[in-house]
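**Student:** Predicted structure and sequence below. I'll ask about it afterward.
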Amino acid sequence: MPELDSSTDLLAEVRGRIDRLQGKRDELVAQQTDLNVRLTGINTYLAIADSVTNALEQLSNDVFQRELSVIESTLTKALQEVLDQPVVFRATASFKRDAASVEFSIEREGNPEDIMRGQGGSVANVVSVGLRMFAITTLDERRHRKFLVLDEQDCWLHPDLVPRLVKIVHEAGTALGFQVLMISHHDVSNFLRHADRVYRLAPDRGDGVGLELVQNDADVMVSDRNPI
């Protein structure tokens, strides 16, 4: 029965091909179903993408505005405590091309003033110190040490106002957990009450500079009578 055997083998081969094709078809149908699900998800995302982007931008702007409000209130308080004047600090933000810019100004009884000219430059002294303190709080503690150097940031302050600035700097540094080194040409007595340590630098009898720890007013008087 050779012809029957040949027909049986052919039929088996055809059935095998059909089974393989059906398996391939099932695989393609599964892939198509998966693609349809993914496409539906993408279309859903695209449908709300603009709304999400706008919402995130608004949230970012709101957070930024709240941060500016904190800066405004804090620096206003600092200015009023140091200068004993009704000065209000303003920080006005504008957003253009996905970037924010901030303009700083001051007001006195509702009238705007130039920061650089306010109180003979004293306003700029206090604002500069405050902004530097805010900046240092944003640093990554894993990469940066909390240490702030203020080099003659009291240069335009009247000597009577210097202790007030030192007090604020000391309190802020303690609260925020960072060290501050203040360098000043004002008399060291202005720093004794609020600074942890005060050092006086003066030319020695040679070509160098002498360093003296000043702990009280008596040390200042002795130094004045006996310069290094």
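**Tutor:** Arrived safely. Residues are numbered from 1 along each chain as shown.
**Student:** does residue 143 count as helix, strand or coil?
**Tutor:** In the three-state summary, residue 143 is assigned as coil, counting by DSSP: H, G, I helix; E, B strand; the rest coil.
**Student:** Now the phi/psi pair for it, please.
**Tutor:** Geometry field for residue 143 lists phi and psi as phi -120, psi -20, criterion degrees, to the nearest 10.
**Student:** Just list the residues touching residue 90, thanks.
**Tutor:** When the contact criterion is CB atoms under 8 Å, 6 or more residues apart in numbering, the partners of residue 90 are 72, 104-107. Any C-beta I mention is one placed from the backbone N, CA and C, and that applies to glycine too.
**Student:** what about 7 Å?
**Tutor:** Residue 90 is in contact with 72, 105-107, counting by CB atoms under 7 Å, 6 or more residues apart in numbering.
**Student:** Can you spell out which residues form a bridge with it?
**Tutor:** residue 105 (DSSP bridges).
**Student:** Can you list the helices and strands that the longest helix along the chain packs against?
**Tutor:** Of all the segments assigned as helix in the chain under DSSP state H, the longest by residue count is helix 2-83. Helices and strands in packing contact with helix 2-83 are listed as strand 87-96, helix 122-137, helix 162-176; criterion 3 or more CB pairs under 7 Å, 6 or more residues apart in numbering; DSSP states H and E.
**Student:** Closest to the centroid, which residue in this structure?
**Tutor:** The structure's the chain has its C-alpha centroid closest to residue 138; by CA atoms, centre = their mean the separation is 3.5 Å.
**Student:** got the phi/psi numbers for that one?
**Tutor:** With angles defined as degrees, to the nearest 10, residue 138 shows backbone torsions of phi -90, psi -10.
**Student:** Then residue 211?
**Tutor:** Geometry field for residue 211 lists phi and psi as phi -120, psi 120, criterion degrees, to the nearest 10.
**Student:** Can you name the residues that contact it?
**Tutor:** Applying CB under 7 Å, 6+ apart, we find residue 211 in contact with 199, 201.
**Student:** Next, the buried residues of stretch 73-93.
**Tutor:** For stretch 73-93, the neighbour count (16 or more other CB atoms under 10 Å) marks 74-76, 78-79, 82-83, 87-91 as buried.
**Student:** out of those, which one sits closest to residue 63?
**Tutor:** Closest approach between the buried residues of stretch 73-93 and residue 63, by CB to CB: residue 91, at 14.2 Å.
**Student:** which stretches of the protein have low pLDDT?
**Tutor:** Residues of the chain that meet the criterion pLDDT under 70 lie in 1-6, 49, 52-53, 55-60, 97-98, 117-120, 205-206, 217-228.
**Student:** Just the C-alpha atoms of stretch 110-130, please, in CSV.
**Tutor:** Output in CSV follows, covering the C-alpha atoms of stretch 110-130 (Å, rounded to 0.1, in the frame of the first residue of the first chain):
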residue,chain,number,x,y,z
GLY,A,110,5.1,101.9,50.1
ASN,A,111,7.7,103.9,48.2
PRO,A,112,10.3,101.9,46.3
GLU,A,113,14.0,102.5,46.9
ASP,A,114,17.3,101.3,45.4
ILE,A,115,18.8,98.5,47.4
MET,A,116,22.4,99.7,46.6
ARG,A,117,21.6,103.2,47.9
GLY,A,118,19.4,102.4,50.8
GLN,A,119,20.7,103.7,54.1
GLY,A,120,24.0,104.6,52.5
GLY,A,121,24.6,101.0,51.5
SER,A,122,23.6,99.4,54.8
VAL,A,123,20.6,97.8,53.2
ALA,A,124,22.9,96.1,50.6
ASN,A,125,25.1,94.8,53.5
VAL,A,126,22.2,93.1,55.3
VAL,A,127,20.5,91.8,52.1
SER,A,128,23.8,90.4,50.9
VAL,A,129,24.4,88.5,54.2
GLY,A,130,20.8,87.2,54.1
